[in-house]
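> What would the 3D arrangement of this be:
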Amino acid sequence: MFRLGRLKLLVVVVLALGTAGGAAFALGAVGAPTVESVDNHFAGVSNETTAVHTNLTVNNPNPVGVQLGGTAVDYTVAMNGVPIASGDKSGLALAKGNSTLAFATQMQNGQIPPWWHTHIENGETTEVTIDADVSSSMLGGRSLSVAQDKTIETDIIGQFNSTETRPVNANQPLVSDPVLYINETRGSWDRANLTESETPMDLAFTVYNPKPYPYTVSKIGYEISMNDVTVGEGETERGYTIGPGQTETIEADTAIQNGNLDRWWVTHLERNQVTDLSIDFYLVLEGGGEQFRIDLDAIDYETTIETDIFGNKAQYPTGENATTASDSANESESATETPTPTETDDGILGGGSTETTTATTETATDDGVLGGSDSTDTATATEAETTTATPTATSTETATDDGGILALAR
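Coordinates of the predicted model:
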């Protein structure tokens, strides 16, 4: 009888606490948790995957001794809608002030070609979006969210446009140089024919023939490399005849094969998000009774692409510079007494970026009644893991992925 009476008393106490918690929230005595900041960085790369570490800071504004049991948080990071990282934790109890939750996710490098397609389709523009939510059953089943957006722009092909006159030498014993002059080069993405598998470019150059006899261009060839990874090559058998003292516009149909871009991505991170892109051209000419191949060194295109997708690569470098990084991916929560939200806006990729933070919004969810069971982690990251990131060009950081692997089909 005594045990039964004690059990009834405990049930009454638990229900009273739950009711008091909801009433306290309604009266403003208990504050709602908020997401203060979300910090992402690359933490190593292999031929198949890229490690993405996320530190999500949640603030509990309540006084000492009031904790938010049953709290859950989740986040998603995407580039132009292509997911690159996600994770969630539940059953958390947050101390007063800021608590930092760490996540480790493995992105499949096969996500890079789909993202590249959207980047070119959008005029070399990418929206990096970060959505984070925090909810607690003790606070009336409410969910609060914060969104951060960064606009990233590049100009990969624009520098190909030039009106500089450049001589073309054949370096052949029976032909005097220069054999041609290139007076102008023009280039643009052929977005009308852009596909998920191929990124075509419209390249053209205006050629002047200084010789007293005509030249016939029988073939135009090209090779596109990004950090010495061949991402496109081909040869066009399109005939052009350039009369003596005449000019002719020669068009070169070139394309990047998107299926090669996951291999390029590895080198891009190994060089701390830096890529040297080059396009090498050659012509097969017939003239003066001779046929010869000319490497168009005068118009070979070279440009450097430097990105800082999350705006913090100086703090978290990858590749050869990774040894200078301070990357603590501790999966257990750490709390501070005073909330210190921070926000950075350095996500420069090429031409620059802008960041927009959407105000926190509140939605009602049904998280159930806070009971007395132990909290459990049902997330894609393990809560007691500590990882130090020291990726190099030949080795990568080992990061535990607890179910959050993004393995979308290519």
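
> ok, which stretches of the stretch 51-200 of the chain are strands?
With DSSP state E, counting those that start in this stretch, the ranges of strands along the stretch 51-200 of the chain come out as 71-79, 82-92, 97-108, 125-136, 142-153, 166-168, 180-189, 198-208.

> Could you list the domains of the chain?
Domain assignment for the chain by automatic domain parsing gives 31-153+320-364, 158-306.

> pLDDT weak spots in the stretch 51-200 of the chain?
Residue ranges of the stretch 51-200 of the chain with pLDDT under 70: 64-69, 137-142.

> and stretch 249-265, average pLDDT?
Regarding stretch 249-265, the rounded mean pLDDT is 96.

> Would you mind measuring the gap between the ends of that stretch?
End-to-end distance of stretch 249-265: 34 Å, with CA to CA, to the nearest Å as the criterion.

> Next, the buried residues of that stretch.
Neighbour counts using 16 or more other CB atoms under 10 Å place 250, 252-258, 260-265 of stretch 249-265 among the buried residues. Where you see a C-beta, it was placed from the backbone N, CA and C, and this is true even at glycine.

> which ones among these are found in strands?
Among those, DSSP state E puts 250, 252-257 in strands.

> Looking at those residues, which is nearest Thr195?
Ala255 (9.5 Å; CB to CB).

> circling back: now the strands of the stretch 51-200 of the chain as JSON lines including mean neighbour count and distance to Arg293?
Shown next, in JSON lines, are the strands of the stretch 51-200 of the chain (neighbours: other CB atoms under 10 Å; distance: least, CB to CB, whole Å):
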{"stretch": "strand 71-79", "mean neighbour count": "21", "distance to Arg293": "41"}
{"stretch": "strand 82-92", "mean neighbour count": "21", "distance to Arg293": "41"}
{"stretch": "strand 97-108", "mean neighbour count": "24", "distance to Arg293": "41"}
{"stretch": "strand 125-136", "mean neighbour count": "22", "distance to Arg293": "39"}
{"stretch": "strand 142-153", "mean neighbour count": "19", "distance to Arg293": "38"}
{"stretch": "strand 166-168", "mean neighbour count": "17", "distance to Arg293": "12"}
{"stretch": "strand 180-189", "mean neighbour count": "19", "distance to Arg293": "13"}
{"stretch": "strand 198-208", "mean neighbour count": "20", "distance to Arg293": "15"}
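
> Nearest to Val274 among those would be which one?
Short answer: strand 142-153, nearest of the strands of the stretch 51-200 of the chain by CB to CB, at 15.3 Å.

> list the helices and strands that closest one packs on?
On a contact count with 3 or more CB pairs under 8 Å, 6 or more residues apart in numbering; DSSP states H and E, strand 142-153 meets strand 34-45, strand 125-136, strand 352-364.

> just to revisit the earlier point, and of the buried residues of stretch 249-265, the nearest to Glu286?
Nearest to Glu286 out of those is Ile250 (CB to CB; 14.3 Å).

> where in the stretch 301-410 of the chain is pLDDT low?
Counting by pLDDT under 70, the stretch 301-410 of the chain has low-confidence residues at 321-410.
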